[in-house]
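*Asks:* 3D model of this:
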Amino acid sequence: MSKAIREFARGKECQIRIYGVCNRNNETVVLCHLNGGGLSLKRSDIHAAFGCSACHDEVDRRSMKIDKDTAQIAFYEGVIRTQEILQKEGLM
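*Replies:* Numbers count the residues shown, from 1 in each chain. This is a model prediction of the structure:
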């Protein structure tokens, strides 16, 4: 299931949608995981969100254009929107 979710994410609309950060470029969208799954581990794909490269960089704190709490809230909202899409598509 996880590989199918990761493949399905490519090219979709960004669901993280950080205001002032999101590049709205579907070509850069992948399945984004929040850091913290453990040493060199990612969290489960069901706890991930479709994210463009700019939102992904912000959530992973590579760009730090906004504060960490705001980035995490946007990520979690993106997870909910992503889960709704995955449910509709029968991938979750």
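
*Asks:* Gly90 versus the closest residue to Met64 other than its chain neighbours, what's the distance?
*Replies:* Nearest residue to Met64, sequence neighbours excluded (CB to CB, 6 or more residues apart in numbering): Glu58, at 7.4 Å. The C-beta positions use only the backbone N, C-alpha and C, and glycine is treated the same way. Distance, Glu58 to Gly90, by CB to CB, to the nearest Å: 30 Å.

*Asks:* over to Lys3?
*Replies:* In terms of CB to CB, Lys3 sits 15 Å off from Gly90.

*Asks:* okay, now Val21: neighbour count?
*Replies:* 20 (other CB atoms under 10 Å).

*Asks:* who are the contact partners of it?
*Replies:* Residues in contact with Val21 (CB atoms under 8 Å, 6 or more residues apart in numbering) are 54-55, 58, 63, 65-66.

*Asks:* for the most centrally placed residue in the chain, give me the pLDDT.
*Replies:* With distances taken as CA atoms, centre = their mean, the residue of the chain nearest its centroid is Ala49 (2.9 Å). pLDDT recorded at Ala49 is 96.

*Asks:* that one reaches Arg81, doesn't it?
*Replies:* Yes: shown here, Ala49 and Arg81 form a contact pair, counting by CB atoms under 8 Å, at 7.3 Å.

*Asks:* got any residues that touch both of those two?
*Replies:* Gln15.

*Asks:* may I see the buried residues of stretch 73-80?
*Replies:* Within stretch 73-80, the residues that qualify as buried by neighbour count (16 or more other CB atoms under 10 Å) are 74-75, 78-79.

*Asks:* what sits up against that stretch?
*Replies:* Outside stretch 73-80, the residues that reach it (CB under 8 Å, 6+ apart) are 14-18, 32, 34, 47-51, 55, 58-59.

*Asks:* need the contact list for Asp45.
*Replies:* Counted by CB under 8 Å, 6+ apart, Asp45 has contacts 1-2, 5-6, 31, 33.
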